[in-house]
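dropping a prediction and its sequence here:
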Amino acid sequence: MDTTAAAVETPTRPRWLGLGLPVLAGAGVAGGLALLHFRDPHVSGAYGYCPFYELTGWWCPGCGGLRGLHNLTDGRVLDAIHSNVLILPLALGFLAWWGTWLVRGWQGRPTPPRLPRVLPRSAMWVAMAFLVVFTVVRNTPWGSWIAPV
């Protein structure tokens, strides 16, 4: 009788236990989206005011994001894109990340998927440059088509 094989075996956990954190995170996001659906951010001051806009008078890259998410919960995709062009790719990226986390939890690896620990400096500079250009363009008359409504 081989005693080392018996000592190495570990009890297996049910697969559904790895789904706890992803499902909890998804429920939190669903609760936030429900709040956004029923309390309209199109009403001025419904969720406060953007500090960047209040200080500078310029729309930041996130301005219109709450209105865009509200529009997505109503199924108005074009209105969401008109509120903030970045909302749809960010929402789809989050859904892909959360779905990967859910699948990993089902497979027994419940830790969320991570970005690489060290992103290349060039990628960070490109992202920062994009956000600066996006912010400047949406605050000019010739970039009014991406300004929030």
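Structure's in. What do you need? Numbering: from 1, shown residues only.

name the nearest residue to the residue positioned nearest the centre of the chain, sequence neighbours excluded.
For the chain, residue 94 is the residue whose C-alpha lies nearest the centre (C-alpha atoms, centre = their mean; 4.4 Å). In space, and not counting its chain neighbours, residue 94 is closest to residue 29: 7.9 Å by C-beta to C-beta, 6 or more residues apart in numbering. To be clear about C-beta, it is placed using only N, CA and C from the backbone, and glycine gets the same treatment.

low-confidence ranges in this protein?
Residue ranges of the chain with pLDDT under 70: 1-13, 110, 115-118.

can you say which helix or strand has residue 135 in it?
If you go by DSSP states H and E, residue 135 is part of helix 121-138.

buried ones in that helix?
Within helix 121-138, the residues that count as buried by 16 or more other C-beta atoms under 10 Å are 134, 135, 138.

ok, the residues you listed vs residue 52, which is closest?
For these, the residue nearest residue 52 by C-beta to C-beta is residue 135; the value is 9.0 Å.

and the gap between the closest residue to the closest one other than its chain neighbours and residue 108?
Take residue 135 and drop its neighbours on the chain: the residue closest to it by C-beta to C-beta, 6+ apart is residue 61, 5.4 Å away. For residue 61, the distance to residue 108 (C-beta to C-beta, to the nearest Å) stands at 38 Å.

which of these two has more neighbours?
Taking other C-beta atoms under 10 Å, residue 61 and residue 108 do not tie; residue 61 has more neighbours (16 against 12).

contacting residues around the more buried one?
Under the criterion of C-beta atoms under 8 Å, 6 or more residues apart in numbering, the neighbours of residue 61 are 86, 131, 134, 135.
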